[in-house]
Structure formats: C-alpha cells, structure tokens
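Give the three-dimensional model of this entry:
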Amino acid sequence: MTDQEKLQKALDDLRSATGLDLHLNAEDSRDPEQTLSQLRQLSSAYKEKYNRDFFLQSILGEAVSRPEIDARASRFHIDAHGERRLFLIASRNVMDENFIELLKNLFPSSHKYFIVRMDGQRIVLISPCKAPGTDDAELTARTVVDTISSELMTSVQVAYSNLFSHLSDSAEAYSQTRLAIQIGRVFYPEYAVIPYNRLGIGGLIYRLPPALCENFLREVFGVNPFDALDEELLTTVSRFFQNNLNIAETARQLHMHRNTLIYRIEHIQKMTGLDIRIFEDALTFKLATMVINYLHAKKENSYE
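Down below sits the predicted model:
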C-alpha cells in the first residue's frame, strides 16, 4: 500500500468515526508518516471519547440535556425514548472482564440491553421494558445475583431504579440505585436485591441528620447500652423479631430451652430497659439498632 493509499484509508476511517469529510492539501502530503500518525491519533481519540460506552457513562454521571442526548444517541443508533429500568450490580471485590462477558451473554445488546462498567466494583445494566404491565425487575435482579454466584462464585448486591422513559433520566436512576446500595449495606446486608422503591425504615433513617439520630438514642436510653450486647444476644433478638416475637418458635430454631430464651430476653431488658416481648418496646429496640448501625457506618464511611 502506497503512502497516498494509507493516508486515504486513514481519512476514510476518520470520516467513518466522525462524519467529517476531510481532504489533504499538497503541504500535508510532504511528510506522509507524520500526517498519517496525526490522523490515526485523531481518529483514536474521537472513538475513545464518543464510543457508546463513553456516551452511556457520561449521561449516567452527569445531567445532560434531552436534545444533546437525542443527538448523541442517534450516532450510536440508540433510541433515547422508551421505558427502561436501571440495575446497579455492586461488589466489595473487583469485578473483572468475566463479569462483563457473563452479563453480555445474559443480556445481549441485540435485545436493546446496555451494560456499562462504571468502575472496578460497579456495573450498570440498563434494561428495556418489553411491554406495559410486564415489568419483571425482581426476576432480572435475582437472575443476575444467582448467575454470578453460580458461575463466578462471587456474591453481589443488585439495586434497581424506578422506571424512566428517556435516557435523560438515567442519571437520576443511577443515583437512585447508588443510594439503594448504600442503604442496603448499612441496614439490609443480608439482602441481595434492593429495590429503590422499597427501602423501608432504613431509607427513612438514612436521610435523617446524624445529630437527630444521636438525640433519639439519648432520649430513649440516656447512654448507649448496645455496646454491651454481645453477638449471641443480638442474634437471639434478630431471630426473635424474624419470628414475630414468638418465643416457642424462636427457641426451637435456636435449639435452646424456652426458659433459656426468656432468661436472655430478661437480661436484655435489664441492660436496655426494653422488654422486647412487648410490641412497642420491640419496635423501639429495632429502630435503635438500625440507628446505631447507621451512625457507625457514617463514622467509618463503610457504606460506599
């Protein structure tokens, strides 16, 4: 291939990437190697900045106007309109390319799914809604969790956003899922799937100022007695709550005598002033433990 043919090919590649129809003058052709290098660098830089992944990352990370998104999306043959839902797959560990390949096999782009790596520990899946009234967000999230667990032997949490109808709303959807993951790590670490629209009491507490939470603990207890509760007692309380304050069923599941369980509950009452056999005291205890978990996480910044 002659220098002139190489230059023409580089111009064709640049035109294909950018839509710009450039021509070389005689002066540019005097040093074909330098000109060829510059054309290739320009084409490479454009592709890096304006490829589909970069486009999707940019609209997830910042608010971009609808007209701009429409214009940029059309370059990649993406319809910016249409009902979608965003899923955030998060792990405490680094997720390598095996995770991306697995997700691509599960959710092929030909079916209008978009998979975007945000960083080493977060991957976004943007899923189309197939038809009105057929949303299966919970099933999709469970499929991701179960497949990654079985194929890659790794546990992840998956949060999903509310539905949105234009890609300009995807930044808000991403913010929703990031918040859901943060709340899930503090209040619901045992949950693998966390819907943004079902954050419960944890979502309420998370939005409270820390000073207000500290005031609540002081009003209820004066001092914090929870530091003295060991893991065994906290496990007992957790199982007791899961069984709707049923002593017989909790004792059976914990493989202990009913009187032993009652002794533990009474010991907790002496330490905290709360009889968790009574619904109101049980609710106060539950709220207090959630508030304390939130304050600890806030202090250690461990929910990111």
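
Do a quick rundown of the strands in this protein.
81-90, 114-119, 122-128, 157-160, 164-166, 193-195 (DSSP state E).

want to throw these into TSV with mean neighbour count, mean pLDDT and distance to residue 269?
The way it works is simple: take the backbone N, C-alpha and C, and place the C-beta from them, glycine included. Formatted as TSV, the strands of the chain follow (neighbours: other C-beta atoms under 10 Å; pLDDT from 0 to 100; distance: least, C-beta to C-beta, whole Å):
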stretch	mean neighbour count	mean pLDDT	distance to residue 269
strand 81-90	21	95	38
strand 114-119	18	92	46
strand 122-128	20	95	43
strand 157-160	25	98	35
strand 164-166	16	94	48
strand 193-195	22	97	33
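
Of those, which is nearest residue 138?
Ranking the strands of the chain by proximity to residue 138 (C-beta to C-beta) places strand 193-195 first, at 6.6 Å.

Sheet-wise, list the partners of that closest one with their directions.
Strand pairing for strand 193-195, using DSSP bridges, gives strand 157-160 (parallel).

Could I get the CA-only coordinates of the partner strand as PDB?
Backbone C-alpha positions of strand 157-160 (Å, rounded to 0.1, in the frame of the first residue of the first chain) are rendered in PDB as follows:
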ATOM      1  CA  GLN A 157     -25.900  -6.900  45.600                       C
ATOM      2  CA  VAL A 158     -28.200  -5.600  42.900                       C
ATOM      3  CA  ALA A 159     -30.300  -2.500  43.200                       C
ATOM      4  CA  TYR A 160     -32.800  -1.300  40.700                       C
END
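
how far is that strand from where the chain is centred?
Mean-position distance between strand 157-160 and its chain equals 5 Å (C-alpha atoms, centre = their mean, to the nearest Å).

How about stretch 103-110?
From the chain centre to the centre of stretch 103-110 is a distance of 19 Å (C-alpha atoms, centre = their mean).

Generate JSON lines for the strands of the chain, with distance to residue 300 as supplementary columns.
JSON lines is the format used below for these (distance: least, C-beta to C-beta, whole Å):
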{"stretch": "strand 81-90", "distance to residue 300": "18"}
{"stretch": "strand 114-119", "distance to residue 300": "20"}
{"stretch": "strand 122-128", "distance to residue 300": "20"}
{"stretch": "strand 157-160", "distance to residue 300": "18"}
{"stretch": "strand 164-166", "distance to residue 300": "33"}
{"stretch": "strand 193-195", "distance to residue 300": "20"}
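
do you know which of those lies nearest residue 179?
Here strand 157-160 is closest among the strands of the chain (C-beta to C-beta), at 8.2 Å.

Identify the residues contacting that closest one?
Residues from elsewhere that reach strand 157-160 (C-beta atoms under 8 Å, 6 or more residues apart in numbering): 85-91, 137, 140-141, 144-145, 176-178, 180-181, 184-185, 191-196.

Any stretches of the stretch 101-250 of the chain with poor pLDDT?
131-135, 224-228 (pLDDT under 70).

ok, now with 80
110, 130-135, 221-231 (pLDDT under 80).

ranges for the helices of it?
Ranges of helices in the stretch 101-250 of the chain, per DSSP state H, counting those that start in this stretch, are 137-152, 170-187, 200-206, 210-221, 231-242, 247-253.

quick one: which of these is nearest residue 13?
With respect to residue 13, and counting by C-beta to C-beta, the nearest of these is helix 170-187 at 30.2 Å.

Residue 92 - nearest residue in space that isn't next to it in sequence?
In this structure, residue 92 finds its nearest non-sequential neighbour in residue 121, 7.0 Å apart by C-beta to C-beta, 6 or more residues apart in numbering.

do the same with residue 286
Residue 286 sits nearest to residue 241 (C-beta to C-beta, 6+ apart), 6.3 Å away.

pretty sure the one you found contacts residue 289?
No: counting by C-beta atoms under 8 Å, residue 241 does not reach residue 289; the two are 9.6 Å apart.

For the residue most central in space within the chain, name its beta-bridge partners.
Geometric centre of the chain, nearest residue: residue 88, 3.3 Å, by C-alpha atoms, centre = their mean. Bridge pairing for residue 88 (DSSP bridges) gives the partners residue 124, residue 159.
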